[in-house]
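Visitor: can't give you the sequence, but here's the structure:
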């Protein structure tokens, strides 16, 4: 069941310890993933190919509201987490309350930290920390024309 992939921080830390003990490379990314679309799926699939296990940090509803405005998220954190967990290439989802995943990254110490190519290596939260212990930080090329904001803007024009 996909809900077994949705973990609180303590369970995630234990799961990652098991995976690392087995020699797996842990990839971490994060986001709001409000309306899952082709751009998200392509990005997450490519992120998983960088290592053995993909962990997704998911902004909580309150975090999304602070970052994107009062009209967001469209889908609740539970719904967003369930959809992400249903993807075969996502191994764990952890919801975080803060505006950035800095604390989560520091607790799980991923081998590889990744974000989309709309970020530069200098502005990826947690990049310096991950590099400090020999981890790798990468950006992944995004599919042009796909973003939740663009989808919502297009929907407004159609209504």
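Guide: Yep, it's here. Since the model is a prediction, treat every value here as computed from it, not as a measurement.
Visitor: switch to C-alpha atoms for all contacts and neighbour counts from now on
Guide: OK.
Visitor: Hmm, residue 95 is touching residue 57, no?
Guide: Yes - with contact defined as C-alpha atoms under 8 Å, residue 95 counts as touching residue 57 (5.8 Å).
Visitor: So which of these two has more stuff around it?
Guide: residue 95 (25 against 22; other C-alpha atoms under 10 Å).
Visitor: OK, contacts around that one?
Guide: 7, 8, 57, 58, 59, 60, 77, 81 (C-alpha atoms under 8 Å, 6 or more residues apart in numbering).
Visitor: Out of those, which is nearest to residue 67?
Guide: residue 59 (9.4 Å; C-alpha to C-alpha).
Visitor: The closest one against residue 32, yeah?
Guide: Yes - if you go by C-alpha under 8 Å, residue 59 and residue 32 touch, sitting 5.1 Å apart.
Visitor: nearest spatial neighbour of the residue most central in space within the chain, skipping sequence neighbours?
Guide: The centre of the chain sits closest to residue 30, judged by C-alpha atoms, centre = their mean, with a distance of 2.4 Å. The shortest distance from residue 30 to any non-neighbouring residue, by C-alpha to C-alpha, 6 or more residues apart in numbering, is to residue 57 (4.3 Å).
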